[in-house]
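Enquirer: Give me the fold of what follows.
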Amino acid sequence: MKLLNILTAVALTATLASSNDVMKKSMSLMELGMTQIQQGFLNNSIDLIQSGTKLVKDGNALFSDEKIISQYLPENKKHMSSIAAKLAKRIDLDTTVLELNLEEQSIY
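Expert: Predicted coordinates:
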């Protein structure tokens, strides 16, 4: 378990160090977080789920501003930045619900 966390930290550090782009950082964090959440559910590990949820939230926070989103959209799709911002809010809401459910589960 600790080896997995160390490998994850090394992968995250390497990814963030090699990536200067907000979109790349955001997607890398979210991908790593989703992988940890999936592994947490498969291995019945609340710690992995919680750390994955935090990574997803951090990655989502990097890419939730409409101005940043519109920088990455093609000219004919810039009007869709509000949709992407709404999706970012939805991801934030879903991760918050997951965290609350984990806290409730740990009480029992």
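Enquirer: Helices along this protein, start to end?
Expert: Ranges of helices in the chain, per DSSP state H, are 2-18, 22-43, 46-62, 66-72, 81-107.
Enquirer: Please state the offset of the second one from the chain centre?
Expert: Centre-to-centre, helix 22-43 and its host chain are 6 Å apart (Cα atoms, centre = their mean, to the nearest Å).
Enquirer: So for it, what gets flagged as buried?
Expert: Neighbour counts over helix 22-43 (16 or more other Cβ atoms under 10 Å) mark 25, 26, 27, 28, 29, 30, 32, 33, 36, 37, 40 as buried. From N, CA and C alone the C-beta is placed, and that goes for glycine too.
Enquirer: Give me the phi and psi for residue 45.
Expert: When read as degrees, to the nearest 10, the backbone of residue 45 gives phi -120, psi 110.
Enquirer: Help me confirm that it comes into contact with residue 36.
Expert: No - using Cβ atoms under 8 Å, residue 45 makes no contact with residue 36, being 9.1 Å away.
Enquirer: just to revisit the earlier point, can you put the buried residues of helix 22-43 in CSV and add distance to residue 60 and pLDDT?
Expert: What follows is the buried residues of helix 22-43, written out as CSV (distance: Cβ to Cβ, whole Å; pLDDT from 0 to 100):
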residue, distance to residue 60, pLDDT
25, 11, 85
26, 7, 84
27, 10, 86
28, 12, 89
29, 8, 90
30, 6, 92
32, 13, 95
33, 9, 94
36, 15, 95
37, 13, 94
40, 18, 93
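Enquirer: Nice, that's everything, thank you.
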